[in-house]
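In: the amino acid sequence is not available; the structure is as follows:
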Ligand code: GDP
Ligand code: MG
């Protein structure tokens, strides 16, 4: 697939972020509207496609899930390189996963430079009482760096559809 297969509105969306932040769960919620608490850790990199209709346009998202483990990092450059957008996920109840965003952003920057569409997604809003990263911190960090940002819960489904709608409409308008 080309980076942007414009005629067919095909876009590669890559998911990055620490192990356990909920990347696979967000994708599963979006695709199947379900949540599996016994979710196994993703091994390596996997992808799945989903067709959406946005403003009378058909768009096909190729969602690339990845494991956050150190041992798979050698796969990252090729994985990131031909993406149209990157979704970098952290867990709002784990400060460290927010601090590690910089590591993931550096991988992206190495492949795409500064001018690339990035979404920062804080997952697990259902764990609000365990929150370690405030919405204001997320907002500030994202605005400083010109990223779009979202808070979602793969568990309850809160905001997950809106996230993918927003991604799709930005991809359509950017071509
Ligand atoms: P990944 O390693 O980033 O793909 O993370 P997973 O999707 O495998 O999720 C890691 C763990 O977090 C699993 O036990 C999930 O059930 C749990 N999890 C994922 N999303 C949520 C969420 O929105 N809320 C809560 N409470 N747990 C979640
Ligand atoms: Mg996973």
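Out: Received the coordinates, thanks. The model shown is predicted, which means the values in this text are computed figures rather than measured ones. Ligands and ions are numbered 1, 2, ... in the order given.
In: in three-state terms, label the residue nearest the centre of the chain for me.
Out: In the chain, the residue lying closest to the centroid (C-alpha atoms, centre = their mean) is residue 87, at 2.4 Å. Put simply, residue 87 is strand when judged by DSSP: H, G, I helix; E, B strand; the rest coil.
In: what helix or strand is residue 59 on?
Out: According to DSSP states H and E, residue 59 maps onto strand 57-66.
In: what residues are bridge-paired with the residue nearest to the centre of the chain?
Out: Beta bridges link residue 87 to residue 15, residue 119, judged by DSSP bridges.
In: my read: it touches residue 21, true?
Out: No. Look at residue 87 against residue 21 with C-beta atoms under 8 Å: they stay out of range, at 10.9 Å. Just so you know, the C-beta spots here come from the backbone N, C-alpha and C atoms, and that holds for glycine as well.
In: what is the orientation angle of the longest helix seen in the chain with strand 57-66?
Out: The helix that spans the most residues within the chain, counting by DSSP state H, is helix 160-173. Calculated by axes from the mean of the first three to the mean of the last three C-alpha atoms, to 10 degrees, helix 160-173 forms an angle of 110 degrees with strand 57-66.
In: helices and strands around helix 160-173, which ones?
Out: helix 23-32, strand 45-54, strand 57-66, strand 85-91, strand 118-123, strand 148-151 (3 or more C-beta pairs under 8 Å, 6 or more residues apart in numbering; DSSP states H and E).
In: mind listing the strands the third one pairs with, and their directions?
Out: Same thing as strand 57-66. strand 10-16 (parallel), strand 45-54 (antiparallel).
In: which stretches of the protein aren't confidently modelled?
Out: 1-8, 37-45, 68-71 (pLDDT under 70).
In: how about 90 then?
Out: 1-9, 19, 31-48, 52-57, 65-79, 81-82, 113-115, 172-175 (pLDDT under 90).
In: still on that earlier bit, tell me which of the helices and strands packed on helix 160-173 sits nearest to ligand 2.
Out: Ranking the helices and strands packed on helix 160-173 by proximity to ligand 2 (C-beta to the ion) places helix 23-32 first, at 3.2 Å.
In: quick revisit: output the strands paired with strand 57-66 in TSV, with mean neighbour count and distance to ligand 1 appended to each entry.
Out: Converted to TSV, those look like this (neighbours: other C-beta atoms under 10 Å; distance: least, C-beta to the nearest ligand atom, whole Å):
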stretch	mean neighbour count	distance to ligand 1
strand 10-16	24	8
strand 45-54	14	10
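In: can I get these in JSON lines including distance to residue 109?
Out: Below are these laid out as JSON lines (distance: least, C-beta to C-beta, whole Å):
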{"stretch": "strand 10-16", "distance to residue 109": "12"}
{"stretch": "strand 45-54", "distance to residue 109": "20"}
